[in-house]
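J.: My questions are about this predicted structure, shown below with the sequence.
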Amino acid sequence: MRHITIEDLMGIRFMSGAALSPDGIHTAYVITQQNRKENSYESWIHLLDNRTGESRQLTFAGKESAFVWEDEHTLLFPAQRAEADKPGEFKEKTCYYRLDIRGGEARRAFEIALDVSGIRPLGDGSFLINATVNLNALGEDADDELRGDEKDYHVLEEIPFWSNGRGYISRLRSALFLFDPQTESLSKITGDYFNVTGFDAKDHRIGYIGCEYRDKLSIYSEAKLYDIATGETTDMIAQGTYGADDIVLTGSGAVLALSNYQPYGLCQGAALYRYDLATKSLALAYSGMHIGSSMVTDAAYGGRNRMKALGDDVIFVGQQGFCASLYRLGAGKEGACAPRELFPYAGDIQCFDAAGDTMVFIGREADRCSDLYRLQEDAAVRVTDINAEFFATRHVSGAKHIPFINTDGVTIDGWVIEPAGFDPEKNYPGVLEIHGGPRNTYGEAFVHEMQMLAGAGYFVYFCNPRGSEGYGEEFADLRGRYGTVDYQDIMEFTDHVLSLYPQLDRAHLGCAGGSYGGFMCNWIAGHTDRFAAIASQRSISNWVADFGSSEIGFTFDINEMGADPWTDMQKMWDQSPLKFACNAKTPILFIHSLGDYNCTIDQGVEMFTAMKYFGVPARMCVFEGENHELSRSGKPRHRIRRLTEIVNWFDKYLK
């Protein structure tokens, strides 16, 4: 078996989108793989027969990554399979195809004169449509020259005015429509300025969450219930009380994942609330764990459900520590009740679906990539092995769990991956990896970057310092404390690893991280010279400047810093790595994307300039056409170049 290399990233297959047919007999899912030559991603819909366990590929164009079940035998998916399917110049259009899983070619079903991002069958031949509406659009009387020029400039009237992966979004809204394919009629059910962030449909009801705003997006959400039969809309939560993460409709109302931001501000995790349709009242149902999964990996692509209703019960992905499993929240007789874990699972769940007594999910176990699992007799049984050939020929160095108790008495989870072919009699360089967020989490699932570094002869070690998700809100609360307890935990964990592994060369340690991990890399550069090389990616260096440039500066930064530039600029500057750049000595590589509107390009540029100004060896690699997700879903060759830059930098200074 050979060691994992940079190019092996191209050989990994990603699974997503698991969805059961209405009768629970079949599971459709998507497999995606990178195409290095075309510098693109190819996706295909597959089908599993839950009775026999047999899987087969349904589509072959390589462009099918989204679908819904229209009925127990029919899949519906967007595609451009003919010239007529493509939108005309200055026009919007989405075409859908039907595919009978019993056989035959996919046939064109209908087209919608919108840029559709989601579709939901309503059971009567009509559909609920989620689409982007451009409030800046020129009127029908505008000529083509004016329309053509629109791409040359952007008018900003709101904040945020841009969004990572989407570009300029001022006066763009995600809206809901009812669509009748027989008459090709569209009926908008959300307000002109309402931006939808989640929705569900059941019987004659549509529930949705989002925010109506002008000028400035609020951190607070609205939750509404629309009656298709009457056209009436009901508010489910009071204005300015909660932020909403998710919504599912139940038999008697709805369950919403809401946060009241108390007492930890934006660090406050979402709790589950029930809305009773009969009494039109909202009540807390459960609070106690992270809803969803915040696990970090570069070997996943796409998702789907993290909550679903079965009658009045709700199934959801819940994370505790560095594992995410599935839980069932019963309706309960009186008030709040604790959910029940459906099965023991020491891994991470990406998405799931349930229909009747059948439940499937896409999960990642230790040192593995995503696969499809089925719940059988309260146990998770893996039913696919889409990367069997890949792992049969590559050596994976297992992540060894090495938790420790820091000097404040707090237990910190951490891991070490030994270099491939590890010889206890030899010394090896090492790389500390720092996750983003900061409220993300490292676990034990396969991470290509880490395995690649181990294959290149490095120890790789990583931990979940204070600020990480999964250990409660107090643990995750870093407000006003960036670079303090988190930095302490990371440095103490480094000491812990060195004490366990004398083979780890203290003189040749590197560190790497992106987003919050990039912030910490920049912070480390100005606070210690124990590392011989740093790879800082999509980083933060100056909170004062970030406030006005980042898409989340006016929300996230205020919460995290406990200040804005007018109330306490000094406090923001004191927590900025750029303030301490004059102390830096460690050679540092910066990687940034021009389209990253979360951590904007100026953050990397300012720190890079400071390094050059103070004579510190530095290099910066800037990616055109990429955003904050470069390491996870960037163009294949760009992902290869990113990893090449990192390895070359570490090889130069650590070997």
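T.: That came through, no problem. Bear in mind that the values here come from a model prediction, so they are computed numbers and not experimental data.

J.: for stretch 602-614, the distance to its chain's centre please.
T.: Its chain's average C-alpha position is 29 Å from that of stretch 602-614, according to C-alpha atoms, centre = their mean, to the nearest Å.

J.: Show residues contacting it.
T.: For stretch 602-614, the external contacting residues (C-beta atoms under 8 Å, 6 or more residues apart in numbering) are 518, 522, 525, 536, 538-542, 545-546, 549, 577-578, 581-582, 584, 588, 590-592, 617-618, 620, 622. (Glycine included, C-beta is placed from N, CA and C.)

J.: Flag every buried residue along it.
T.: By 16 or more other C-beta atoms under 10 Å, the buried positions in stretch 602-614 come out as 602-604, 606-611.

J.: can you check stretch 10-21 too?
T.: 11-21.

J.: Looking at these, which one is closest to residue 367?
T.: residue 12 (13.1 Å; C-beta to C-beta).

J.: ok so, going back, just the buried ones from the contacts of stretch 602-614, in PyMOL syntax?
T.: Entered in PyMOL, the line below selects the buried ones among the contacts of stretch 602-614, by 16+ other C-beta under 10 Å:
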select buried, resi 518+522+525+536+538+539+540+541+542+545+546+577+578+581+584+588+590+591+592+618+620
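
J.: Keep only those of the contacts of stretch 602-614 that are in helices.
T.: Judged by DSSP state H, helices contain the following of the contacts of stretch 602-614: 518, 522, 525, 545-546, 549.

J.: Out of those, which two sit at the greatest distance?
T.: 525 and 549 (21.1 Å).

J.: can you give me the end-to-end distance of stretch 462-478?
T.: Distance between the two ends of stretch 462-478: 19 Å, counting by C-alpha to C-alpha, to the nearest Å.

J.: And the average pLDDT for stretch 418-434 is what?
T.: Across stretch 418-434, the average pLDDT comes to 97.

J.: Show me where the stretch 101-250 of the chain has its helices.
T.: 144-149 (DSSP state H, counting those that start in this stretch).

J.: All the strands of it, residue numbers only.
T.: 107-112, 115-121, 127-134, 162-163, 167-168, 172-180, 185-188, 194-202, 205-212, 222-227, 233-235, 243-249 (DSSP state E, counting those that start in this stretch).

J.: JSON lines for these, including mean neighbour count, distance to residue 627 and mean pLDDT?
T.: Output for the strands of the stretch 101-250 of the chain, formatted as JSON lines (neighbours: other C-beta atoms under 10 Å; distance: least, C-beta to C-beta, whole Å; pLDDT from 0 to 100):
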{"stretch": "strand 107-112", "mean neighbour count": "16", "distance to residue 627": "27", "mean pLDDT": "95"}
{"stretch": "strand 115-121", "mean neighbour count": "17", "distance to residue 627": "17", "mean pLDDT": "95"}
{"stretch": "strand 127-134", "mean neighbour count": "20", "distance to residue 627": "17", "mean pLDDT": "96"}
{"stretch": "strand 162-163", "mean neighbour count": "18", "distance to residue 627": "9", "mean pLDDT": "94"}
{"stretch": "strand 167-168", "mean neighbour count": "14", "distance to residue 627": "9", "mean pLDDT": "93"}
{"stretch": "strand 172-180", "mean neighbour count": "20", "distance to residue 627": "16", "mean pLDDT": "97"}
{"stretch": "strand 185-188", "mean neighbour count": "13", "distance to residue 627": "29", "mean pLDDT": "95"}
{"stretch": "strand 194-202", "mean neighbour count": "20", "distance to residue 627": "19", "mean pLDDT": "96"}
{"stretch": "strand 205-212", "mean neighbour count": "22", "distance to residue 627": "22", "mean pLDDT": "97"}
{"stretch": "strand 222-227", "mean neighbour count": "21", "distance to residue 627": "28", "mean pLDDT": "97"}
{"stretch": "strand 233-235", "mean neighbour count": "13", "distance to residue 627": "34", "mean pLDDT": "96"}
{"stretch": "strand 243-249", "mean neighbour count": "22", "distance to residue 627": "22", "mean pLDDT": "96"}
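
J.: Tabulate those strands in JSON lines, adding columns for distance to residue 462.
T.: Below are the strands of the stretch 101-250 of the chain laid out as JSON lines (distance: least, C-beta to C-beta, whole Å):
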{"stretch": "strand 107-112", "distance to residue 462": "45"}
{"stretch": "strand 115-121", "distance to residue 462": "34"}
{"stretch": "strand 127-134", "distance to residue 462": "37"}
{"stretch": "strand 162-163", "distance to residue 462": "29"}
{"stretch": "strand 167-168", "distance to residue 462": "32"}
{"stretch": "strand 172-180", "distance to residue 462": "35"}
{"stretch": "strand 185-188", "distance to residue 462": "47"}
{"stretch": "strand 194-202", "distance to residue 462": "31"}
{"stretch": "strand 205-212", "distance to residue 462": "34"}
{"stretch": "strand 222-227", "distance to residue 462": "37"}
{"stretch": "strand 233-235", "distance to residue 462": "44"}
{"stretch": "strand 243-249", "distance to residue 462": "27"}
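
J.: quick one, domains of the protein?
T.: 91-103+112-382, 397-654 (automatic domain parsing).

J.: Could you tell me the least trusted of those?
T.: domain 91-103+112-382 (a mean of 92).

J.: Could you tell me the end-to-end distance of that one?
T.: End to end - C-alpha to C-alpha - domain 91-103+112-382 spans 45 Å.

J.: now that domain: how far from the chain's centre is it?
T.: 14 Å.

J.: Renumber starting at 737 from here on
T.: All set: I'll call the first residue 737, so the last point we hit is now domain 827-839+848-1118.

J.: Spit out the contact partners of residue 813.
T.: Per C-beta under 8 Å, 6+ apart, neighbours of residue 813: 781, 795, 800, 802-804, 832-833, 835, 842.

J.: Could you work out which of the strands of the stretch 837-986 of the chain reaches nearest to residue 1332?
T.: strand 898-899 (10.1 Å).

J.: Identify the residues contacting the closest one?
T.: With C-beta under 8 Å, 6+ apart, strand 898-899 has contacts from 904-906, 1287, 1333.

J.: Then stretch 853-862?
T.: Under C-beta under 8 Å, 6+ apart, the answer for stretch 853-862 is 804-807, 812, 814, 832, 863-868, 910, 914-918, 935, 937, 964.

J.: rerun that using 10 Å as the cut-off
T.: 758, 802-807, 810, 812-814, 830, 832, 848, 863-868, 910, 912, 914-919, 921, 923, 932, 935-940, 942, 964 (C-beta atoms under 10 Å, 6 or more residues apart in numbering).

J.: ok, back up a step: the contacts of stretch 1338-1350 in strands, which ones?
T.: Judged by DSSP state E, the subset of the contacts of stretch 1338-1350 located in strands is 1272, 1274-1275, 1324, 1326-1328, 1354, 1356, 1358.

J.: Geometric centre of the chain: which residue is closest?
T.: Most central in the chain under C-alpha atoms, centre = their mean is residue 1030, positioned 7.6 Å from the mean C-alpha point.

J.: What sits closest to that one if chain neighbours are left out?
T.: residue 1205 (4.1 Å; C-beta to C-beta, 6 or more residues apart in numbering).

J.: I figured that neighbour hits residue 1149, correct?
T.: No. Counting by C-beta atoms under 10 Å, residue 1205 does not reach residue 1149; the two are 11.8 Å apart.

J.: out of these two, which sits in the busier spot?
T.: Neighbours around residue 1205 and residue 1149, counted as other C-beta atoms under 10 Å, are more numerous at residue 1205. The numbers are 25 against 22.

J.: what's the closest of the ones in strands among the contacts of stretch 1338-1350 to residue 1266?
T.: residue 1324 (13.9 Å).
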